[in-house]
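Asks: 3D, please:
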Amino acid sequence: MRCVRLRNRHSAFTLIELLVVIAIIAVLIGLLLPAVQKVREAANRASCSNNLKQIGLGVHNYHDANRFLPPAQIRNEWVTWAVLLMPYIEQNAQYAKWDITRRYSEQPGAIGSAADPCPYNIKTYFCPGRRSTDVGFSVNDVPGGTGVTFPARPGGLSDYAASQGSDNNNAVLRNSDPGAIRATLADGTLYSTGNFADNAPAGVKVVSFKGFTTLSTIEDGTSNTLMIGEKHVRPNSRDGRNEDRSVYSANNANNHSRNGGVNINADGVEQIFRIVPDEADQTATPLNNASFGGPHSNVCMFVFADGSVKGLNKSISPGTISGGRLNPGPFHYLNVRNDGVAVQASDF
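Replies: Modelled structure (predicted):
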């Protein structure tokens, strides 16, 4: 007898079945995508917190070594906290390229050469929720003073800034004490700090300086006072322009510091510095180029003076100004080291 081999016949998908499968896959992707985004955001926030923790430890180690807290800047046109902390965040090799006695624009090494210390991005200074170290460098870092002209010097960026309090004088990381600065001219003779303005001659060196504050002068307590946090950057200023120029340079205070709270400045202008959400209307939000703010949903990350890292709700109140009278809110009190008010955790 002849054996007949039967073939199994498989029916193909119908168009309706195929569409159903595609629809099911689309639904599954739609369900999984928010979960993936939440995991990514949680990872970015954890990494950001770790960066700020390392910065906070660096500040404390600097204080232990020098007996004062690092100033936000040595003085206008010189270097900032971001350079001074390098040896304390495992960046000794990069720090060795800097001469902190010289202004930012007069650093050793030809611009763009391997010896140039300025164009270097440090991973610890970047929030991964916003960008990475391959973002590039500042494109228009030129001193703002008169009488001295230097070429633009590209430098490293950062997503973090020192709190300058509500008025630049009541913060933890204040600028250095001008009365303690000793400077010399290029020939080594003493240069009077009494006229040490932005138009200091080329070649002037700051041979010694001292920070204004220590941990013991934080009268409100280190756990109640902000030190460094995420800075808001306007979308049209991203990656090397305006307030997002080099964090190493004190040519523009907004490069390396931000304010928080309420203030009436010397010209009588009322100022309210709040945490600015990334999605805020840039034209309707005043002082956004001098304010804190980060890419995380709902919160902005800060390291406090005790080294702890916390996220502040972006809606935390900076306070109000009414009839020329300041009515500070919790965000104001957290930025000021000596207001006598201890903010409760429930306030942020």
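
Asks: next structured bit after the lengthiest helix in the chain?
Replies: In the chain, with assignment by DSSP state H, the single longest helix is helix 15-66. Later in the chain than helix 15-66, the nearest helix or strand by DSSP states H and E is helix 81-84.

Asks: contact partners of that following helix?
Replies: Outside helix 81-84, the residues that touch it by CB atoms under 8 Å, 6 or more residues apart in numbering are 59, 62, 70-74, 95, 98, 100, 122, 125, 156, 158, 162, 173, 228, 247-248, 256. Every C-beta, even on glycine, is put in place using the N, C-alpha and C of the backbone.

Asks: buried residues, stretch 228-238. List them.
Replies: I228, G229, E230, K231, H232, V233, R234, S237 (16 or more other CB atoms under 10 Å).

Asks: nearest to L31 among those residues?
Replies: E230 (30.8 Å; CB to CB).

Asks: tally of neighbours for the nearest residue to I89 once chain neighbours are set aside?
Replies: Of all residues not flanking I89 in the chain, G58 sits nearest, at 4.4 Å (CB to CB, 6 or more residues apart in numbering). Here the number of neighbours of G58 (other CB atoms under 10 Å) works out to 24.

Asks: V336 reaches G261, doesn't it?
Replies: Yes: under the criterion of CB atoms under 8 Å, V336 makes contact with G261 at 6.5 Å.

Asks: between those two, which contacts overlap?
Replies: Taking CB under 8 Å, 6+ apart as the contact criterion, the common neighbours of V336 and G261 are G165, S166, P328.

Asks: for burial, what's the neighbour tally of the residue lying closest to the second one once chain neighbours are set aside?
Replies: Leaving aside its sequence neighbours, S166 sits nearest to G261 (CB to CB, 6+ apart; 3.6 Å). Taking other CB under 10 Å as the neighbour definition, G261 ends up with a count of 27.

Asks: need the contact list for G261.
Replies: 165-166, 272-273, 318-319, 328-329, 331-333, 335-336.

Asks: how close does the residue nearest to I89 get to M227?
Replies: From G58 across to M227, the span is 11 Å (CB to CB, to the nearest Å).

Asks: ok, back up a step: which ones are touching the residue nearest to I89?
Replies: G58 neighbours (CB under 8 Å, 6+ apart): L85, Y88, I89.
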